[in-house]
Structure formats: structure tokens, C-alpha cells
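Asks: structure, please.
(4 chains)
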Amino acid sequence: MTSIDDLAVRIPDGATLALAPDYSGVSMVTIRALIARGAKDLHLIGVPSVGFQGDMLIGAGCVATLETAAVTLDEYGPAPRFNAAIKGEKIRMIDGTCPAIHAGLQAAEKGIPFIPVRGIVGSDLLAHRDDWTLGQDPFGEEDGPIVMVKAIRPDVTLIHAPLADRHGNVWIGVRREMMLMAHAAKTTLVTAEKIHDGDLLADEQLAPGTIPGLYIGGVAEAEKGAWPCGLFGRYGPDDAHLKDYLARARTEDGFASYLDEFVFAPKAAE
Amino acid sequence: MTSIDDLAVRIPDGATLALAPDYSGVSMVTIRALIARGAKDLHLIGVPSVGFQGDMLIGAGCVATLETAAVTLDEYGPAPRFNAAIKGEKIRMIDGTCPAIHAGLQAAEKGIPFIPVRGIVGSDLLAHRDDWTLGQDPFGEEDGPIVMVKAIRPDVTLIHAPLADRHGNVWIGVRREMMLMAHAAKTTLVTAEKIHDGDLLADEQLAPGTIPGLYIGGVAEAEKGAWPCGLFGRYGPDDAHLKDYLARARTEDGFASYLDEFVFAPKAAE
Amino acid sequence: MNTDFAPEELLIATVADMLEGLGHVAVGAQSPIPGSAALLARARSGGSLRVSMLGSETHSPFTDGGRELFDCAAQGRIDAFFLGGGQIDGQANINLVGIGDYPDTKVRFPGSFGSAYLYFLVPRVILFREEHTARVLVPRVDFVSAPGVSDKNTYRKGGPHALVTGRCVFDFDDAAKRFRLQSVHPGHTVDEVREHTGFDFDMPEDMPETPAPDANTLALLRGDVADAVAERYPAFAARVFGNANAA
Amino acid sequence: MNTDFAPEELLIATVADMLEGLGHVAVGAQSPIPGSAALLARARSGGSLRVSMLGSETHSPFTDGGRELFDCAAQGRIDAFFLGGGQIDGQANINLVGIGDYPDTKVRFPGSFGSAYLYFLVPRVILFREEHTARVLVPRVDFVSAPGVSDKNTYRKGGPHALVTGRCVFDFDDAAKRFRLQSVHPGHTVDEVREHTGFDFDMPEDMPETPAPDANTLALLRGDVADAVAERYPAFAARVFGNANAA
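Replies: The predicted structure is shown next:
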């Protein structure tokens, strides 16, 4: 068991960082710690999209590259700091598509250099990716081209989960995109809502939804660690807070005031 | 919900049939029904190996082709009817290796025609497979060859599981090779130890170990459906019975007497 | 029973008709009208239609993570899906990335999501965009997130089936690679459709009106379907079905 | 404490020494001696060594089905594994398929399992075969399930580290592509090893005896390790550690 600040330190500047979408497990508490420590040059990978985590890290100047199938705050509207960064050409954008991100991670999970992916042929996405290329079925059952996607091996996966135990096992239930992210990444850092007494892998009902400690580099306990986003099966998003964020983040000054209030001031008060 | 006999009928002669290893979920009760109905020309795929299911089906003359990484009865010793069939050249053997079988099924799961697999280069297995070939990393980061394995799409996956519900959802816990088999196959037939009241997918703890009904073509209730093999977390193998099987199956006559007693006589008495 | 209907109810009923006889319909996140249509079609099917709603905790049948929807589509297990587009053009190309010369987009959209893949693999892709303006329905998209049509040697099991907007329904003619106006919604006109559509399209001789939902449909919609929709889209359900009921 | 030891205890202690300092050792099914060695090494490591035993319900850390062990090896997360062989030859090729001209084998073995893959990916593969006869240790295997060595341009992160038999320990010289006799077990001789080995191998000038397990090792083995082994291999634990304790 470790601290949130320790997790933030273990995501070094320049790291390739895999993040889950807002409806999965997002460690907003560590995102704030990353901003507070002044992280730089991160290469974010949305698996397959990013939401508030991405918008905040981009707004705070922590991000050099964003690789994702989408940036979405769902019903809250367009992502303001992301859009500003695109306009200001402050980040390098690698546009992808959900299944190619999942497949690239699966290639890393299997230790293979690439994997074929259906579709995509004729999409303008292809022209902008040097890690995608056209190939052929070596068994000749198909004439047409098939897209080959290079393996995606993140340096770090960062997630928030409902439960973890003292052996480093992490319960994520049906949100298995986080299992894939953990398998594919060099290491995985986790905040957990609650520490489970005993061994998650020894519980017949909990084990099937558990990422084994084998893949986990560090766990910190963090009740409400996904706040102001929600955590599946536990709590919903903090609607009023997120609307306030959206309103403030429309401008650079407003966003700075948000960071002051919710990221820097709480740190200073510690 | 349906009957065991109906499941056996829905595995047609000549079908490609994926089976789990003895330590996973084996529907021995349906294997007996398949033998009783006189199934012919099956192409068995061990995922990644077969045990008693394979030995019995082969001994009963139901099998034309066996594709597997191994045939193993674990501590019970060599598989007698399999060995006799190999000696008598009664089955066509497709020797593989565990990870290539898993990967081939993953290719089918993803609807892609092939998938790269590590290792294997220089193994004599390769020379005997027209569904494996050598290729190259299209991104040129590796000079050497890499094995490409053709997708494996079984006609039917047959498994036994601890629980199923009336929506066709099937709980297999951590034995997720059965999940992969279900995703990869055209349809999946299941016997379940017990019928769960309610919806397995609606239970936060059970859902992560559940194959959605989407993939399931039929479920029959069968208490002790894995007998005389065991079922993980439920009951162990029937040691005395399996030793009796081994002793009898050493000869063709002994095996025939086993079938008479445990396959044909119970059917006739129904 | 009040047989007046909200514009959304017309769209829902229209889309639901396109799902008749199918086995499995998947619906993306933030899609209340397609989601309601799928649930209506399920109610009509007597339960034989399976509906998978992404982001729903009770209507998602998936247990293998974010990839499963995509794998499932490639396996041929999903019969219909919905796609939108910041821009949609006359060849049914869709743009979910942005306006302008990529990567220097003047207006940035959220991104392509799974469109570049699902458009190839789901037999019946229904394009749905309520806003029907020349800004959205353009002669040629600035960025092709997913192409509407492909060469014959491209592995493609699916593609555009229809385009439903707030003004009309187009169907897509694969051979001609063009949209064809199928019906205009009550209260809208062909001229209006033409004025607000940036691409050329074909027209039937006799222009039908999009059929209004009948009393049975409205009863189903405002009853069981509204309840099911409310689980995922409470505000939408209250606004559309609540209003209609109160009217 | 009785410091006599069973032959299996010598083998277990010998193999455990080869696992010192590693992070993660995986052990296949039906491998009581390698399994016991891994558990002994774990006990000695103060818990820093992770042991994954296939087929064990309490020592398996995997939750992604049968493929996970293989994926994990390719990710570089498994440091040592054990392979056997119906035949093993002087280049460390192993045959798990059969004797004779495949597919017309005269003697059929169970099959290659994961050998054709793990041999390439696990840095330290320990070949273990208790039976040390010229029938098993052959000049050239009849079928290469997995090759002992590969060309330089082949992606290979692992391979043979040592061969442990009931008579001796060989280590494998990657450069020479040959086994080298490292030690002979107490009660056995070099001549006997030579007689029962079908392949050529190198020899040191001074031939050491395989070190006997010390009192600490035996205490660990017969205490905590025996208990852990008994979960997976009750008959083996009773026979080996039960007997040794009783002696």
C-alpha cells in the first residue's frame, strides 16, 4: 500500500499513460496529484476514449501527445481544454478508433508486434498513422487489404477500482478493459475505493473480476477516488461539480481558478 | 432450457467441436449422449488439450480429426483409446501448441483471418500445418520470421458450467477459456450443474464470470454433468470410476463393456 | 389515448420500423432516440430482439470489456447499429473528427469512436442526426472517419442502410452510391429538405410522408418503453414521454 | 533433525537453487518435484518469489483463462518454467509428440502442450526428467516439439538453462549448443551417466557431487513446503516428506 502522491511520482514525465473512459474506473484523485506535481510531456492513451481526466491534464499543460478514439464528456458537452489545445496546436493528436486501440493493447498483452484489425480501409485515419499499415491475409482466403496495427504497450496504466486487497489484487468486475490495460502496460497503478480484507483471488465470486497482483505496481486507498466522476455500481458523477468545471474551463482563467481551488489549494493545506 | 439428448442432436456429424480440458468444464453427460446417438466424423478441438472426453469419443468411433496441443488424463496415465486410434491410423491428427490454439480462437473472436503467435519457429509442428505459416513484422522492428496462425472458428463449443440462468447466461468463474471458446464458436451448448434463479448478468459479483446468453445456443440442466470428471470448486473426479475406465479401456472389448454399462444401458433404460 | 405525438416519437417509431425482424441491435452511448427505437422494436418483437445499450448498467450484455462489442460485430452477431456524424456526405461518408484541414481543424469533433470499424461490420447501419442543415449534410466531408462505400475487394459486411434526420428519411442505394429521399416528416416539405441538404440525392416520383406512429405504437412507447428508457435517459424520458402523456 | 534425505528431496533442493533471486516462477500441471522446488525457493525468498502452479486452485494467480500464462510469458513476466520430454537430445531439443516417423509414431506421447512457445519466451527453462536413460536422452529427437536453440534473427528471449535428471545435473552452453555435466548426484557416477546418456556432452576437469540439502533446507522442505505441496500433490507429499520425516 502506498500514497496517492507516490503514485503520481511513479508516473514519470514523458510516460505513455493509459487511461480508462469516465464510465469505467478513473483515478481522478491521482490526476489531481499529477497536476499538482507538475507532470510534463505525458503521452495519454484513451482506452478507447478519455473524458475529464484528459481535459484536465491537457488544460494543466501535462500532455504532449493524445492518442484516443475520442474525447468525450458525454452529456456535459464538448471538452473545453482539449478543444482549446487543438486550436492552439499545443498537443500532438493521434486519432484512432476504439477497436484498434483495444487490439493494439491485445497485441501488447500477447507480446506480438502487431495484430490485424477489421474495417478502417478507406478511412482518413489510416493516412495519419505510421503505426498502422495495410497487409494481406497470408492464407489467401481474402483478396482485399487488411489493416495491421502495431502493439500498444503503455509505460503505465492508471485506474480506480472498487476494491483491492493487500496482495495487490484489484477487483474491477465486468470493466475488463482495465484488465487488458493492466496486462498490456509495463506497470499498473491503482487507487481503490476500499481495501478488501483477505485475498480477492481466493474468493470464487470475486476472483473472475480481479486483476492479479502480478500486474500491479502500486495500490493506494482512496475513498471517492473517482470524484467528481462516478464509479460503476458505487456512485454517480457529481453533476453540479462537473457543470461548474465545464463553466469555468471555458476560459483559461476560469480553468486556472478551478485548479487553484481543487488541485493546488488542497495540496498546500496538507 | 432443453434436454441433453437435444444438445447431442445439435452437434451434427462432421461438426468441428471445441472441448475444454478436464480441469475446466467438461460436459461428460453430453459426451455420453453423443456416443449413444452414434455421432460420426467429428473434428475435435482441444482447448488446448483434451482428456476423457476425447478418449471416449475416439474410442467410440465418433472422431475423424483431432486438433489439440495434447491428450492427457493427468495422473491416470496415457489415454488408451487415443493411443490405439493413433496406432490403427483411425484418426487424423493435427498437433498444435496451447498458445496457438488460444490465439487461433482469439482471431475467430475478433473476426480476423489470422493472428501472429510467438515462438514455434523451428518446431516440427510447423511443417505439418497448412493453417500456420511464417510471416514478417510489417513495421520492420524485427528481422526474424513470426508464425501466423489461421483463425479457429468451431461450429460448436460444448461445456459444462456450475450455473446457468433462464436467459441463457452461463457462469464459468475464472475458467475463461470457456468464454473465449463461446465467443469464437458459431454456437455454444451448455450443461449446467444448477439453474440460477434470476439474471446472472444483473449480479455484480457473478456477472464478471458469466458468458452472456448472446453466445449460447442451448442450456440443459445436469447435476453432476461433469461426472466422472470433476468440476472446479464443486466436486473432484470420481477416482475409482476413472481407474476402472482406464483398466477397461486398455482393450477394445473392455472399452465396449464400459460403453455398454455406462452409455448404452442407461439410454435403453430411459 | 392522445394520438398527438412529439417529434421525437415520430423519429423513434420510424427507426423502430427499420429494426423489425432483427435479432440483435446495439446502441452507442448518448443515443436516446436510437435507444428508444431499439427498445420499442424489442417490445414489438415479443422479446425476440436483443438490445445492447452501451453505458447502460442493466441493458449491457457484455462481460469482456470495451472490446467485446467490436469483437461481437466482427463475429456477425450484431444486426444493426447507429452512427452519427459532425458531417455526413452524399456517399454516406461520415466525419466525426473535425472541420478544416486535419490535423489543423477549425472545429474539432470528439473523434471517430468505433465508426471506422462498425460501419464495415454491422449489416444495417442507420445514420441518425437530428440536425438537418447544409452544415451537417455536406457535398464532401472534410475528413472521412468511415467511408460509406468500399471497393469490391474490401472485406465489408455492412454499411449505410438509411439516414434519419429531423426533417426526413433517406435510404441508401448501394449500387448508385447515393441517398434517395424516402419520406418527409409531417410538417416538413421536399423543398425544405432540398434547401438544407448540401448533397445531391435521388427522389421517388411520388413523395410519401413519414407515417405517423399509430395508437398502439404510442401506447407501447409511453408505457413499457418509456420506463425502460428512463433507466438510461431519465431527463429525455421525462421530457418526451412525460410531455406527450401530459398533453 | 534427521539429515538423511529422499532422492526427491535432493532434486527439489537442486532445482530450488536454480530459482534463487527470481521474481516469478510458473510450474506446469503434474510436476510435483518442480512444484516443490518452486515452493521451497519461495519460502527461502521470504515471499518475494511469486509461484504460479497450473491446475492449482490456490496457487494460480490467473483470471483470464488458459491463455494468460502464455500471454504473461510473452510479456516477460515469467522468469522460469519447467519442461520435460519423451525425448531430449544433445542440442536441448525436446520431443513431446512421439517416437518414430511422425505422423506414424510407434510410441505416441501426450503432445507438445505449450513447449513450442514457452521455450522461446521464458528466460530460464529448466528441463526436468527423472528417468535418465538412453531411451530418453537421445542423440537426436524424432520430432522437435520445441528446438533448444535458434538462429540469431529468431525472436527468442529464453531457452534451456539446465537439465536435471535422477542421476545428475547438466547445464546448457548456449554458445557451444551443448550440455555440460555440472554435478553427479550422491550415489551415482560419471560412468553411469555416460552409459545412460545417448548424446555427447562436455565435462569439467573436476567432477563435483550434487550438494546434499542442508539441515535448514530439509527443515523448510518438511515443514511449510510439505504443507503447501500437499494441497496440490497429496500423495506425493505423503510419500516423500512423510517418509523422510518418519525415517
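
Asks: what about A:Glu261, is that helix, strand or coil?
Replies: Secondary structure, DSSP: H, G, I helix; E, B strand; the rest coil: A:Glu261 is helix.

Asks: ok, it to A:Val147 distance?
Replies: Remark: distance between A:Glu261 and A:Val147 (Cβ to Cβ, to the nearest Å) = 45 Å. Using the backbone N, CA and C atoms, a C-beta is placed for each residue, glycine as well.

Asks: who has more neighbours, these two?
Replies: Higher neighbour count among A:Glu261 and A:Val147: A:Val147, with 26 against 12, using other Cβ atoms under 10 Å in any protein chain shown.

Asks: please, which helix or strand holds the residue nearest the centre of chain C?
Replies: For chain C, the residue nearest the mean C-alpha position is C:Phe128 (3.2 Å; Cα atoms, centre = their mean). Assigned by DSSP states H and E, C:Phe128 belongs to strand C:124-129.

Asks: that strand and chain A, are they touching?
Replies: No: applying Cβ under 8 Å from any Cβ of the partner chain, one finds strand C:124-129 separated from chain A by no less than 11.6 Å.

Asks: quick one: strands adjacent to the strand or helix carrying C:Ile88?
Replies: Under DSSP H and E, the secondary-structure element containing C:Ile88 is strand C:87-89. Paired neighbours of strand C:87-89 in the sheet (DSSP bridges): strand C:94-95 (antiparallel), strand C:137-138 (parallel).

Asks: helix or strand next in line after the first one, which one?
Replies: Past strand C:94-95, further along toward the C-terminus, the next helix or strand under DSSP H and E is strand C:98-101.

Asks: for that following strand, packing partners?
Replies: Here strand C:98-101 touches strand C:104-108, going by 3 or more Cβ pairs under 8 Å, 6 or more residues apart in numbering or on different chains; DSSP states H and E.

Asks: list the contacts of the strand it packs on.
Replies: Defining contact as Cβ atoms under 8 Å, 6 or more residues apart in numbering or on different chains, one finds that strand C:104-108 is touched by A:78, A:82-83, A:86-87, A:89, C:86, C:97-100, C:142-143.

Asks: filter those residues to the buried ones?
Replies: For the contacts of strand C:104-108, a neighbour count by 16 or more other Cβ atoms under 10 Å in any protein chain shown gives the buried set as A:Pro78, A:Phe82, A:Asn83, A:Ile86, C:Gly86, C:Val97, C:Gly98, C:Ile99, C:Asp142, C:Phe143.

Asks: biggest separation within those, which pair?
Replies: A:Phe82 and C:Asp142 (18.7 Å; Cβ to Cβ).

Asks: closest one of the contacts of strand C:104-108 to C:Ala237?
Replies: Nearest to C:Ala237 among these, with distances taken as Cβ to Cβ, is A:Pro78, at 24.4 Å.

Asks: so who does that closest one touch?
Replies: Residues counted as contacts of A:Pro78 (Cβ under 8 Å, 6+ apart) are C:Arg108, C:Pro110.

Asks: can you tell me the SS state at it?
Replies: Using three-state DSSP, the structure places A:Pro78 in coil.

Asks: same check on A:Glu193?
Replies: strand.

Asks: isn't it right next to A:Ala222, touching?
Replies: Yes: between A:Glu193 and A:Ala222 there is a contact under Cβ atoms under 8 Å: 7.2 Å.

Asks: next, show the common contact partners of these two.
Replies: Overlap of the contact sets of A:Glu193 and A:Ala222 (by Cβ under 8 Å, 6+ apart) consists of A:His160.

Asks: looking at those two, which is more packed in?
Replies: A:Ala222 (23 against 20).

Asks: quickly note the distance from the more buried one to C:Phe81.
Replies: 36 Å.

Asks: max-length helix in chain C?
Replies: Longest helix of chain C, by residue count under DSSP state H: helix C:32-44.

Asks: what angle do that one and strand C:124-129 make?
Replies: With axes from the mean of the first three to the mean of the last three Cα atoms, to 10 degrees defining the directions, helix C:32-44 sits at 140 degrees from strand C:124-129.

Asks: ok, helix C:32-44 near chain B or not?
Replies: No: between helix C:32-44 and chain B, judged by Cβ under 8 Å from any Cβ, nothing touches; the nearest distance is 13.8 Å.

Asks: just checking, next helix/strand downstream of that helix?
Replies: strand C:50-53.

Asks: does any part of the next helix or strand after that next one sit near chain D?
Replies: Later in the chain than strand C:50-53, the nearest helix or strand by DSSP H and E is helix C:68-74. No: shown here: helix C:68-74 not in contact with chain D (Cβ under 8 Å from any Cβ), separated by at least 13.7 Å.

Asks: using neighbour counts, pick out the buried residues of helix C:68-74.
Replies: Applying 16+ other Cβ under 10 Å to helix C:68-74 flags C:Glu68, C:Leu69, C:Phe70, C:Asp71, C:Cys72, C:Ala73, C:Ala74 as buried.

Asks: check stretch C:23-36 too.
Replies: Under the neighbour-count criterion of 16+ other Cβ under 10 Å, stretch C:23-36 has C:24-36 buried.

Asks: and stretch C:106-116, by the same measure?
Replies: C:Arg108, C:Phe109, C:Pro110, C:Gly111, C:Ser112, C:Phe113, C:Gly114, C:Ser115, C:Ala116.

Asks: so the fourth one, which state does it fall into?
Replies: Each residue gets one of three states, and C:Gly111 gets coil by three-state DSSP.

Asks: so what's it closest to, chain neighbours aside?
Replies: Closest residue in space to C:Gly111, ignoring its immediate chain neighbours: A:Ala70 at 3.2 Å, by Cβ to Cβ, 6 or more residues apart in numbering or on different chains.

Asks: A:Ser49 is in contact with the one you found, correct?
Replies: Yes: using Cβ under 8 Å, A:Ala70 is in contact with A:Ser49, at 4.0 Å.

Asks: and for these two, which residues touch both?
Replies: Residues touching both A:Ala70 and A:Ser49 by Cβ under 8 Å, 6+ apart: A:Cys98, C:Pro110, C:Gly111, C:Phe113.

Asks: just give the number of residues close to the first one.
Replies: Counted with other Cβ under 10 Å, the burial measure for A:Cys98 works out to 28 neighbours.

Asks: what residues are up against the residue nearest to C:Gly111?
Replies: Here A:Ala70 is in contact with A:Gly46, A:Pro48, A:Ser49, A:Val50, A:Cys98, C:Leu96, C:Pro110, C:Gly111, C:Ser112, C:Phe113 (criterion: Cβ under 8 Å, 6+ apart).

Asks: distance of it from A:Asn169?
Replies: 31 Å.

Asks: before we move on, what about C:Asp142?
Replies: From C:Asp142 across to A:Asn169, the span is 47 Å (Cβ to Cβ).

Asks: returning to what we had before: columns distance to chain D and pLDDT on top of the buried residues of stretch C:23-36, output as JSON lines?
Replies: Formatted as JSON lines, those follow (distance: Cβ to the nearest Cβ, whole Å; pLDDT from 0 to 100):
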{"residue": "C:His24", "distance to chain D": "24", "pLDDT": "97"}
{"residue": "C:Val25", "distance to chain D": "29", "pLDDT": "97"}
{"residue": "C:Ala26", "distance to chain D": "24", "pLDDT": "96"}
{"residue": "C:Val27", "distance to chain D": "28", "pLDDT": "94"}
{"residue": "C:Gly28", "distance to chain D": "27", "pLDDT": "88"}
{"residue": "C:Ala29", "distance to chain D": "26", "pLDDT": "81"}
{"residue": "C:Gln30", "distance to chain D": "30", "pLDDT": "82"}
{"residue": "C:Ser31", "distance to chain D": "31", "pLDDT": "89"}
{"residue": "C:Pro32", "distance to chain D": "35", "pLDDT": "93"}
{"residue": "C:Ile33", "distance to chain D": "37", "pLDDT": "96"}
{"residue": "C:Pro34", "distance to chain D": "33", "pLDDT": "96"}
{"residue": "C:Gly35", "distance to chain D": "31", "pLDDT": "95"}
{"residue": "C:Ser36", "distance to chain D": "36", "pLDDT": "96"}
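
Asks: fine, thanks again, bye for now.
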